[in-house]
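> need a structure here:
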Amino acid sequence: AYTGRIVIKGDGIEKIINVIIEVKEKKPLFDIKVDVLNKIVSKGGKVKANISITNFGDLRGMDILLYVAIKDFDNNIITFKDESLVIDKELSLIRELKIPEDVLFGQYVFYSRVSYGNISASGTDVFEVKTKETPSLKFLINKTTIIIVIIILFILLIIVSIKRLARIRR
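Below you'll find the predicted structure:
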(Lines give C-alpha, C1' and ligand atoms only; values in the text may rest on other atoms or scores of the structure.)
Protein backbone atom coordinates (compact mmCIF):
# COMPACT_ATOMS: atom_id res chain seq x y z
CA ALA A 1 0.00 0.00 0.00
CA TYR A 2 1.38 3.37 -0.99
CA THR A 3 0.21 6.67 0.44
CA GLY A 4 0.67 10.09 -1.09
CA ARG A 5 -0.94 13.33 -2.11
CA ILE A 6 -2.12 14.84 -5.37
CA VAL A 7 -1.78 18.63 -5.38
CA ILE A 8 -3.93 20.60 -7.81
CA LYS A 9 -3.15 24.30 -8.27
CA GLY A 10 -4.87 26.90 -10.39
CA ASP A 11 -6.14 30.47 -10.22
CA GLY A 12 -4.60 30.99 -6.79
CA ILE A 13 -6.40 27.95 -5.36
CA GLU A 14 -4.65 24.84 -4.13
CA LYS A 15 -6.45 21.56 -3.42
CA ILE A 16 -4.72 18.58 -1.80
CA ILE A 17 -6.18 15.11 -2.27
CA ASN A 18 -4.91 12.26 -0.06
CA VAL A 19 -4.42 9.03 -2.01
CA ILE A 20 -3.91 5.38 -1.04
CA ILE A 21 -2.92 2.87 -3.72
CA GLU A 22 -3.09 -0.79 -2.74
CA VAL A 23 -1.27 -3.19 -5.07
CA LYS A 24 -2.76 -6.69 -4.99
CA GLU A 25 -1.18 -9.92 -6.22
CA LYS A 26 -2.76 -11.63 -9.24
CA LYS A 27 -3.47 -14.78 -7.26
CA PRO A 28 -3.47 -13.79 -3.59
CA LEU A 29 -2.86 -16.21 -0.75
CA PHE A 30 -4.44 -13.81 1.77
CA ASP A 31 -7.03 -11.08 1.87
CA ILE A 32 -6.96 -8.51 4.65
CA LYS A 33 -9.58 -5.91 5.50
CA VAL A 34 -9.09 -3.05 7.95
CA ASP A 35 -11.95 -1.11 9.53
CA VAL A 36 -11.01 1.68 11.94
CA LEU A 37 -13.55 1.69 14.77
CA ASN A 38 -12.94 5.25 16.02
CA LYS A 39 -12.55 7.59 13.04
CA ILE A 40 -11.64 10.61 15.20
CA VAL A 41 -8.82 10.27 17.74
CA SER A 42 -7.06 12.81 19.94
CA LYS A 43 -3.32 13.08 20.50
CA GLY A 44 -2.26 10.54 23.10
CA GLY A 45 -5.40 8.50 22.42
CA LYS A 46 -5.63 5.06 20.86
CA VAL A 47 -6.90 4.21 17.40
CA LYS A 48 -8.64 0.82 17.22
CA ALA A 49 -9.17 -1.24 14.10
CA ASN A 50 -10.97 -4.46 13.30
CA ILE A 51 -8.69 -6.58 11.11
CA SER A 52 -10.12 -9.51 9.14
CA ILE A 53 -7.72 -11.93 7.46
CA THR A 54 -8.77 -14.68 5.04
CA ASN A 55 -6.46 -17.52 4.01
CA PHE A 56 -7.16 -18.64 0.42
CA GLY A 57 -4.39 -21.25 0.47
CA ASP A 58 -4.59 -24.92 1.34
CA LEU A 59 -2.31 -24.80 4.39
CA ARG A 60 -3.99 -24.63 7.81
CA GLY A 61 -2.45 -23.75 11.16
CA MET A 62 0.21 -21.63 9.50
CA ASP A 63 2.26 -19.00 11.33
CA ILE A 64 1.82 -15.57 9.81
CA LEU A 65 3.28 -12.18 10.67
CA LEU A 66 0.86 -9.32 11.26
CA TYR A 67 2.29 -5.81 11.01
CA VAL A 68 0.17 -2.79 11.94
CA ALA A 69 1.22 0.85 11.64
CA ILE A 70 0.02 4.41 11.57
CA LYS A 71 1.27 6.25 8.49
CA ASP A 72 0.85 9.78 7.27
CA PHE A 73 0.15 10.68 3.66
CA ASP A 74 3.85 11.39 3.07
CA ASN A 75 4.41 7.65 3.69
CA ASN A 76 6.11 8.27 7.05
CA ILE A 77 5.55 5.62 9.72
CA ILE A 78 4.35 7.26 12.94
CA THR A 79 4.21 4.12 15.08
CA PHE A 80 3.96 0.37 14.51
CA LYS A 81 4.01 -3.09 16.04
CA ASP A 82 4.09 -6.63 14.73
CA GLU A 83 3.22 -10.05 16.03
CA SER A 84 3.14 -13.67 15.01
CA LEU A 85 -0.26 -15.37 14.71
CA VAL A 86 -1.65 -18.73 13.66
CA ILE A 87 -4.39 -18.84 11.02
CA ASP A 88 -6.51 -21.63 9.64
CA LYS A 89 -9.09 -20.22 7.21
CA GLU A 90 -10.15 -16.89 8.72
CA LEU A 91 -9.03 -14.68 11.57
CA SER A 92 -10.70 -11.55 12.92
CA LEU A 93 -9.13 -9.44 15.62
CA ILE A 94 -8.99 -5.91 17.03
CA ARG A 95 -5.68 -4.10 17.35
CA GLU A 96 -4.94 -0.64 18.68
CA LEU A 97 -2.05 1.79 18.40
CA LYS A 98 -1.34 4.80 20.58
CA ILE A 99 -1.24 8.19 18.86
CA PRO A 100 1.94 10.05 19.88
CA GLU A 101 1.46 13.45 21.55
CA ASP A 102 3.72 15.17 18.99
CA VAL A 103 1.81 14.29 15.80
CA LEU A 104 0.17 17.01 13.75
CA PHE A 105 -3.59 17.24 13.46
CA GLY A 106 -4.98 15.77 10.24
CA GLN A 107 -5.70 12.51 8.41
CA TYR A 108 -3.67 9.35 8.92
CA VAL A 109 -3.75 5.77 7.65
CA PHE A 110 -4.14 2.65 9.78
CA TYR A 111 -2.00 0.25 7.72
CA SER A 112 -2.01 -3.50 8.21
CA ARG A 113 0.03 -6.17 6.42
CA VAL A 114 -0.06 -9.94 6.78
CA SER A 115 2.83 -12.00 5.44
CA TYR A 116 3.90 -15.60 5.11
CA GLY A 117 7.40 -16.01 3.72
CA ASN A 118 7.66 -13.68 0.73
CA ILE A 119 3.87 -13.53 0.19
CA SER A 120 1.97 -10.62 1.72
CA ALA A 121 -1.29 -8.70 1.55
CA SER A 122 -2.15 -5.31 2.99
CA GLY A 123 -5.19 -3.29 3.94
CA THR A 124 -5.80 0.27 5.05
CA ASP A 125 -8.38 2.61 6.51
CA VAL A 126 -8.29 6.33 7.23
CA PHE A 127 -8.88 8.21 10.49
CA GLU A 128 -8.34 11.74 11.74
CA VAL A 129 -6.39 13.18 14.66
CA LYS A 130 -8.26 16.15 16.17
CA THR A 131 -8.35 18.01 19.45
CA LYS A 132 -10.34 16.50 22.27
CA GLU A 133 -14.02 17.23 21.92
CA THR A 134 -15.39 19.70 24.44
CA PRO A 135 -19.10 20.00 25.08
CA SER A 136 -20.65 22.44 22.67
CA LEU A 137 -22.22 25.65 23.93
CA LYS A 138 -25.55 24.52 22.47
CA PHE A 139 -25.43 21.32 24.56
CA LEU A 140 -24.59 23.27 27.72
CA ILE A 141 -27.44 25.73 27.09
CA ASN A 142 -29.89 22.85 26.58
CA LYS A 143 -28.72 21.15 29.78
CA THR A 144 -28.94 24.39 31.75
CA THR A 145 -32.43 25.09 30.38
CA ILE A 146 -33.65 21.65 31.47
CA ILE A 147 -32.26 22.14 34.99
CA ILE A 148 -33.91 25.58 35.29
CA VAL A 149 -37.28 24.19 34.13
CA ILE A 150 -37.06 21.36 36.69
CA ILE A 151 -36.26 23.85 39.48
CA ILE A 152 -39.18 26.11 38.48
CA LEU A 153 -41.57 23.12 38.41
CA PHE A 154 -40.33 22.03 41.83
CA ILE A 155 -40.88 25.54 43.24
CA LEU A 156 -44.40 25.67 41.72
CA LEU A 157 -45.18 22.27 43.24
CA ILE A 158 -44.10 23.53 46.68
CA ILE A 159 -46.22 26.72 46.33
CA VAL A 160 -49.31 24.71 45.29
CA SER A 161 -48.78 22.30 48.22
CA ILE A 162 -48.47 25.18 50.69
CA LYS A 163 -51.72 26.78 49.37
CA ARG A 164 -53.60 23.46 49.72
CA LEU A 165 -52.38 23.03 53.28
CA ALA A 166 -53.49 26.59 54.08
CA ARG A 167 -57.02 25.87 52.74
CA ILE A 168 -57.26 22.63 54.71
CA ARG A 169 -56.35 24.39 57.99
CA ARG A 170 -59.11 27.00 57.55
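> assign the residue most central in space within the chain to helix, strand or coil.
Centroid-nearest residue in the chain: N38, 2.4 Å away (criterion: C-alpha atoms, centre = their mean). At N38 the chain is in coil, as set by DSSP: H, G, I helix; E, B strand; the rest coil.
> measure how buried the residue nearest to it when sequence neighbours are not counted is and give me the count.
Leaving aside its chain neighbours, N38 sits nearest to K48 (5.7 Å; criterion: C-beta to C-beta, 6 or more residues apart in numbering). In short, each C-beta sits where N, CA and C put it, glycine included. Neighbourhood size, K48 [other C-beta atoms under 10 Å]: 16.
> helix or strand for K48, which one?
strand 46-55 (DSSP states H and E).
> how about that strand: buried residues?
Under the neighbour-count criterion of 16 or more other C-beta atoms under 10 Å, strand 46-55 has 47-49, 51, 53-55 buried.
> ok, of those, which one's closest to L165?
Distance to L165 across the buried residues of strand 46-55 (C-beta to C-beta) is lowest for K48, with 58.8 Å.
> and the closest one, what are its bridge partners?
Legend: beta-bridge partners of K48 under DSSP bridges are E96.
> against G57, how distant is it?
28 Å (C-beta to C-beta, to the nearest Å).
> same check, this time on V36
27 Å.
> more crowded one of the two?
V36 (19 against 13).
> so what's the more buried one scoring on pLDDT?
Note on V36: pLDDT of 95.
> hey, where'd the strands end up in the chain?
2-10, 13-21, 30-36, 40-41, 46-55, 62-71, 77-87, 90-98, 106-116, 119-129 (DSSP state E).
> which residues does the closest residue to D82 other than its chain neighbours bridge with?
If the residues on either side of it in the chain are set aside, D82 comes closest to Y67, at 4.3 Å by C-beta to C-beta, 6+ apart. In this entry, Y67 is beta-bridged to D82, R113, by DSSP bridges.
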